[in-house]
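J.: pasting a predicted model and its sequence here:
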Amino acid sequence: EPEVTQTPSHQVTQMGQEVILRCVPISNHLYFYWYRQILGQKVEFLVSFYNNEISEKSEIFDDQFSVERPDGSNFTLKIRSTKLEDSAMYFCASRYFEGAGGEQYFGPGTRLTVT
Amino acid sequence: DAKTTQPNSMESNEEEPVHLPCNHSTISGTDYIHWYRQLPSQGPEYVIHGLTSNVNNRMASLAIAEDRKSSTLILHRATLRDAAVYYCIRNSGNTPLVFGKGTRLSVIA
């Protein structure tokens, strides 16, 4: 069964450093998402991406964040200058269905620890 | 704002059915009802979704009230592997999922 994969599974970085989190969505999916979950809190939406551009973003997704689909298979989330509060699990998700009602498939997540 | 209401936690015995309720009294006509679950230390996992009619799949059944203001996720025989946080989410079109706190289901052997 096709699945969303994410690398690395765990990333430790120092405050102020740049990190890139990588995702390989399911191959025929059209919509791509990043969510995050701070330990013990809700899963929060960051950004959605369709047709090579951001379709929606949350207040969390400020200028420090960017997304890219560089080669038609990978989908990346970059944080330019990490802060302590960026420590969280980051989940990538993808979706095929273009209309209402389609399900999203999530990856296993990348645990980002900022020290 | 998740716009759905679920109990914080529920408990079930292994091998017995579980009915997880969800209230969504302000649901709009275009909103689907989605259920996802999150096992410990994993990403959310799609369970089932529906619009008006009851739905069944290999994982669960979804019973939707006639007025669509509430729904129930039914796990027919709970196993230890079903212990997770279950999220009931209203979603329409290509909008992102809005997760609430969900219901933490414990399964007792």
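T.: That came through fine.

J.: quick check: pLDDT value at A:Thr5.
T.: Listed pLDDT for A:Thr5 reads 97.

J.: quick check: closest non-adjacent residue to it.
T.: A:Val24 (4.7 Å; Cβ to Cβ, 6 or more residues apart in numbering or on different chains). Every residue, glycine included, has its C-beta placed from N, CA and C.

J.: same thing with A:Gln17?
T.: A:Gln17's closest residue in space is A:Thr82 (Cβ to Cβ, 6+ apart), at 5.6 Å.

J.: that neighbour against A:Val19, yeah?
T.: Yes. A:Thr82 is within contact range of A:Val19, at 5.8 Å (criterion: Cβ atoms under 8 Å).

J.: now B:Cys88: closest residue in space, sequence neighbours ignored.
T.: Using Cβ to Cβ, 6+ apart, the nearest residue to B:Cys88 is B:Cys22, at 3.4 Å.

J.: what do you get for B:Leu80?
T.: B:Val107 (5.3 Å).

J.: which residues touch residue 15?
T.: All of this is about chain A. A:Met15 is in contact with A:82-84, A:114-115, counting by Cβ atoms under 8 Å, 6 or more residues apart in numbering or on different chains.

J.: chain B is the one I meant
T.: B:77-79.

J.: so B:Ser70 makes contact with B:Leu20?
T.: No. Counting by Cβ under 8 Å, B:Leu20 is not a contact partner of B:Ser70; they are 11.4 Å apart.

J.: of the two, which one has the most company?
T.: Higher neighbour count among B:Ser70 and B:Leu20: B:Leu20, with 24 against 19, using other Cβ atoms under 10 Å in any protein chain shown.

J.: how many neighbours does B:His49 have?
T.: Using other Cβ under 10 Å: B:His49 sits among 19 other residues.

J.: no wait, A:Ser81
T.: Residues lying near A:Ser81 (other Cβ under 10 Å) number 12.

J.: hang on, it packs against A:Gln14?
T.: No. Using Cβ under 8 Å, A:Ser81 and A:Gln14 do not qualify as a contacting pair, with a distance of 10.6 Å.

J.: distance from the chain centre to the helix or strand where the residue nearest to B:Cys88 lies, please.
T.: Using DSSP states H and E, B:Cys22 maps to strand B:18-23. Put simply, strand B:18-23 sits 7 Å off its chain's centre (Cα atoms, centre = their mean, to the nearest Å).

J.: could you pull up the contacting residues of B:Ile64?
T.: B:Ile64 neighbours (Cβ under 8 Å, 6+ apart): B:33, B:50-55, B:71.

J.: try it again at 6 Å.
T.: Applying Cβ atoms under 6 Å, 6 or more residues apart in numbering or on different chains to B:Ile64 gives the contacts B:50, B:71.
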